[in-house]
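Participant: fold the following.
(chains A, B, C and D)
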Protein chains: 2
Amino acid sequence: MSKLPSLKNLSYLLALHQEQNFNRAAAECNVSQSTLSSGIQNLEEQLDCQLIERDHKSFLFTALGEEIVEKARDIISASEELLHYAQGQGNIMEGPLRLGIIPTIAPFVIGELSKNLQNKFPKLLLQLSEDTTQNLLHRLRNGELDILLLALPMDIQGNQKWILGRDPFKLVVHKELAETVGEPVDYDKLPDRSIFLLEKEHCMTGHAVAACQLTDSIKMNPFTATSLHSLVQMADARLGATFIPQMAIDQGILDNTDLVSLKPTGQEASRDIGLVYRPTTSRRQTFRKVAEEIARLLPVNTLN
Amino acid sequence: MSKLPSLKNLSYLLALHQEQNFNRAAAECNVSQSTLSSGIQNLEEQLDCQLIERDHKSFLFTALGEEIVEKARDIISASEELLHYAQGQGNIMEGPLRLGIIPTIAPFVIGELSKNLQNKFPKLLLQLSEDTTQNLLHRLRNGELDILLLALPMDIQGNQKWILGRDPFKLVVHKELAETVGEPVDYDKLPDRSIFLLEKEHCMTGHAVAACQLTDSIKMNPFTATSLHSLVQMADARLGATFIPQMAIDQGILDNTDLVSLKPTGQEASRDIGLVYRPTTSRRQTFRKVAEEIARLLPVNTLN
DNA sequence: CTGTTTAATTGGTATTTTCGATTATCATAA
DNA sequence: TTATGATAATCGAAAATACCAATTAAACAG
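Facilitator: Numbers count the residues shown, from 1 in each chain, chains lettered A, B, ... in the order given. Sure, this is the predicted structure:
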C-alpha cells in the first residue's frame, strides 16, 4: 500500500486553491514559498497524479485537482474537529462554532441566541457571520463556516437541513392606511407601486411574494431597500407598505413608529427557518443542541 | 492554532486499538515497537489528552480514547479513499473528460462517439458541452473544459491541435433544381440571394464560403439560420440552396426530404476537423485515444 | 530594455522520525 | 526466592525529511 498523503501537504493544497498563488498560500501556511512548492510536488508524487497544470508563469488546477481539493477539505476539517474534540476532553459544546446567518434573520436572533448559548455552554465560542444565502452556502462548502441559519425553501445544494420553525410575514402600513387595506389584506386597495421590498439578493423578497400571494407586480415599487430597517423607515414616512417578518416585529422593529402590522393574504404566509450543514460533518450532536436553542426563539417552533 | 495530528500517528492508534498490544500493532504498521510507542505519546501530547491508561504491564483505552479512535477511523479511511481516487485517475481512460464541440459538428458525432467510448472505456466519464468556437476556447483557457472538437482553420490562440480529418461541403438543393445547377456546381446558374447560410457566429459560414469559392456575395440571402436542420428545411421548401457538411448528410440529415447534394466548386471544398487542447495538459495520451475514436467517425480520416 | 512578479530549483541546515539496544516493571514458572 | 518471559518506555545515534534563503527562469508591465 502506498503512503497516505500528509495533512500538512493537503493543507498546503487547500491554501493554494484558496489563494491561487504560491506566495500568498505560503504566507497563509506560515512557510516559505519553496516549502509550499515542494510540498505540492511531493503530494502530486504521492498521489501519482497531476493536481495543477503549470504554465511557467501561472497555473491552473486540473479537474482531478479540484476534486482532490474537495476531498482534502473534508479530511482537514475532520482532523481539526478531532483535535478540538480531544482538547475539549470530549465536550461537544466546547470550542469554536462558526455560524452563518442571513441579514433578514441575524439582527432578530443573535442577541438572545448568543446570550443563551453563553449561559448554557460557556466554553462554546460562537463566531457569527452575516451574509447572503449564496455567499453563506459557498463559505459552508469550502469549510469556512460550520452551519448556516437560512430561510427556506431554498436550494441548499448537497447539504443537509433541519427545519426549526416558521416565521409569519406581516404587511406593515402606516396606521392611517390600515382601515383602507382591511385584514386579511386586500392588495387591490393599495395604490400601484406602493409595496416596497428588499434588493433581490435577499431571499426574503421571493419568499414574501410567494407566501403572501402577491401576484400583481404592478403593486411593487421598483425602489429596493438593503435592510428591513430601511423598509420600516420608508413605510413610516408613508411612502407605502412592506412585508416584515414576525421575528422582527417581536424584537421591536416597529417600536416608536406609527406603523401597524396586518395579516397578509395566504393560508401560510410565512417562511421556514432552517439550519443547514455539510453532510460530511461529524458534529451533528453539537449542531442539534444549537438548533434547539434557536428554535426556542422563533415565532413558531416546529423542531420535533 | 495547535498542530493537526499526523495521519501516521492516527493510524498507529488504530492499529493499537485493533491489536491491543504494542508489539503486534507495531508489526502491523511495519515499524518498531519504540516508534509506535512514541507515536502514541506524541499524539496524546498534541491532542492534549489521555488516550490510554497505562498500568506498567498493560494498558486500557480511555473513554475519550475510544471516541478519538472512531473519529480517527473516519479520517484515515477518507484519506485512503482520496489516495485511491487520485491513483485511479492515473489510469488515463478513467474519470471525467470534458469535451466541448461546436454545434455544426456535435449532433453528427456525439451519438456514435459516446456509444463507442462507453464500450471501449467504460470508466471514462464523457461530459459534453456544445457552444461556439469562441466560447469554447474561452472555457478551455479557464480550465472549464479539457479538449475541444472544432472546425479548422481557426485561430486557436496558445493551444495545440491535432487534425483528425476532413469534412467535405456539399451544395444542397431541391431535386428539381439539380440539373439546372450542374455538377460541379456553377453558382451563376443560381438566382441571386438564393444561398442560405448560418448566422455568422457559426464558423461554418466562413469555412463554407472560403472552401467552396463562393465569392459572389450577391448570391447569398441575408436571412441566416441558427442550425443546419433549419437550412435543410428551408432548402426543402424550395427557398433556395445551402451548404451542408458531409458528416451531416452521412448521418441522414437529408432523409425524408426532396433534396440532393452536389459537389461544389473548389479543389478542396471541405473543412478540417481538429481536436484542440491546452499545451500544458498532462493528458495527451487520453486525448489521443479519444482523437482516434473521433477520427474513425469522420468522412475523411487524416489522423496519422 | 529594465524592473517586477511569478513558480521552480538548489544547497545547506534544522528538525523529525525511526530504529536497535536498553531499562523497568510485572506475572509466572522453577 | 530466584529465573524467565513478556510488556511498554526510554535513550542515543542514524536516517530521512522539512524547511529556508538565495537563485534561476520565464513572463510581463512600463
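Participant: which residues of the stretch 151-300 of chain A lie near DNA strand D?
Facilitator: Nowhere does the stretch 151-300 of chain A come near DNA strand D, counting by Cβ under 7 Å from any atom of the strand. In short, each C-beta sits where N, CA and C put it, glycine included.
Participant: residue ranges for the helices of the stretch 151-300 of chain A, please.
Facilitator: A:175-181, A:203-211, A:228-236, A:246-250, A:284-295 (DSSP state H, counting those that start in this stretch).
Participant: tell me the contacts of A:K71?
Facilitator: Contacts for A:K71 (Cβ atoms under 8 Å, 6 or more residues apart in numbering or on different chains) come out as B:A78, B:E81, B:L82, B:Y85.
Participant: smallest gap between chain A and DNA strand C, at which residue?
Facilitator: Closest to DNA strand C within chain A is A:S34: 2.9 Å, counting by Cβ to the nearest atom of the strand.
Participant: turn the helices of the stretch 151-300 of chain A into a markdown table, columns for mean neighbour count.
Facilitator: Below are those laid out as a markdown table (neighbours: other Cβ atoms under 10 Å in any protein chain shown):
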| stretch | mean neighbour count |
| --- | --- |
| helix A:175-181 | 14 |
| helix A:203-211 | 20 |
| helix A:228-236 | 19 |
| helix A:246-250 | 20 |
| helix A:284-295 | 18 |
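Participant: how far is the lengthiest strand in chain A from where the chain is centred?
Facilitator: In chain A, with assignment by DSSP state E, the single longest strand is strand A:160-174. Chain-centre distance of strand A:160-174: 16 Å, with Cα atoms, centre = their mean, to the nearest Å.
Participant: what angle separates it from helix A:284-295?
Facilitator: If you take axes from the mean of the first three to the mean of the last three Cα atoms, to 10 degrees, strand A:160-174 sits at 20 degrees to helix A:284-295.
Participant: could you check strand A:160-174 and say which residues are buried?
Facilitator: For strand A:160-174, a neighbour-count test (16 or more other Cβ atoms under 10 Å in any protein chain shown) marks A:161-174 as buried.
Participant: number of residues surrounding A:L145?
Facilitator: Residues lying near A:L145 (other Cβ atoms under 10 Å in any protein chain shown) number 25.
Participant: now do the same contact list for it.
Facilitator: Residues near A:L145 by Cβ under 8 Å, 6+ apart: A:R98, A:L99, A:G100, A:S129, A:L136, A:R139.
Participant: from B:L10, how far off is it?
Facilitator: 25 Å (Cβ to Cβ, to the nearest Å).
Participant: now swap in A:L137 and tell me
Facilitator: A:L137 is 31 Å from B:L10, by Cβ to Cβ.
Participant: low-confidence ranges in the stretch 1-150 of chain A?
Facilitator: Along the stretch 1-150 of chain A, the model assigns pLDDT under 70 to residues A:1.
Participant: quickly list the domain ranges of chain A.
Facilitator: What automatic domain parsing lists as the domains of chain A is A:7-86, A:92-160+A:280-301, A:166-270.
Participant: what ranges do the strands span in the stretch 1-150 of chain A?
Facilitator: A:52-55, A:58-61, A:95-101, A:124-130, A:147-152 (DSSP state E, counting those that start in this stretch).
Participant: so what does the second one touch, helix or strand wise?
Facilitator: Which is strand A:58-61. strand A:52-55 (3 or more Cβ pairs under 8 Å, 6 or more residues apart in numbering or on different chains; DSSP states H and E).
Participant: pull out the buried positions in the strand it packs on.
Facilitator: A:I52, A:E53.
Participant: do the same with stretch A:12-31
Facilitator: Neighbour counts over stretch A:12-31 (16+ other Cβ under 10 Å) mark A:12-19, A:22, A:25-26, A:28-29, A:31 as buried.
Participant: again, but for stretch A:70-86
Facilitator: Residues of stretch A:70-86 classed as buried: A:71-86 (neighbour count, 16+ other Cβ under 10 Å).
Participant: got the buried residues of stretch A:12-31 as a markdown table, with distance to B:A106 columns?
Facilitator: Below are the buried residues of stretch A:12-31 laid out as a markdown table (distance: Cβ to Cβ, whole Å):
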| residue | distance to B:A106 |
| --- | --- |
| A:Y12 | 40 |
| A:L13 | 35 |
| A:L14 | 37 |
| A:A15 | 39 |
| A:L16 | 35 |
| A:H17 | 32 |
| A:Q18 | 36 |
| A:E19 | 37 |
| A:F22 | 38 |
| A:A25 | 39 |
| A:A26 | 43 |
| A:E28 | 42 |
| A:C29 | 44 |
| A:V31 | 47 |
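Participant: restrict these to those near DNA strand D?
Facilitator: A:V31.
Participant: farthest-separated two in the buried residues of stretch A:12-31?
Facilitator: Greatest spatial distance in those: A:H17 and A:V31, 15.9 Å, computed using Cβ to Cβ.
Participant: get me the contact residues on the stretch 51-200 of chain A for DNA strand C.
Facilitator: A:I52, A:R54, A:K57, A:S58, A:F59.
Participant: chain B: which of the contacts of A:L145 is nearest?
Facilitator: Closest approach to chain B among the contacts of A:L145 (Cβ to the nearest Cβ): A:R98, at 13.8 Å.
Participant: and the closest one, what is it in contact with?
Facilitator: Contacts of A:R98 (Cβ under 8 Å, 6+ apart): A:Q127, A:S129, A:E144, A:L145, A:D146, A:I147.
Participant: what about the residue of the stretch 101-250 of chain A found nearest chain B, neighbour count?
Facilitator: Distances between the stretch 101-250 of chain A and chain B by Cβ to the nearest Cβ are smallest at A:L125, namely 12.9 Å. A:L125 is flanked by 14 other residues according to other Cβ under 10 Å.
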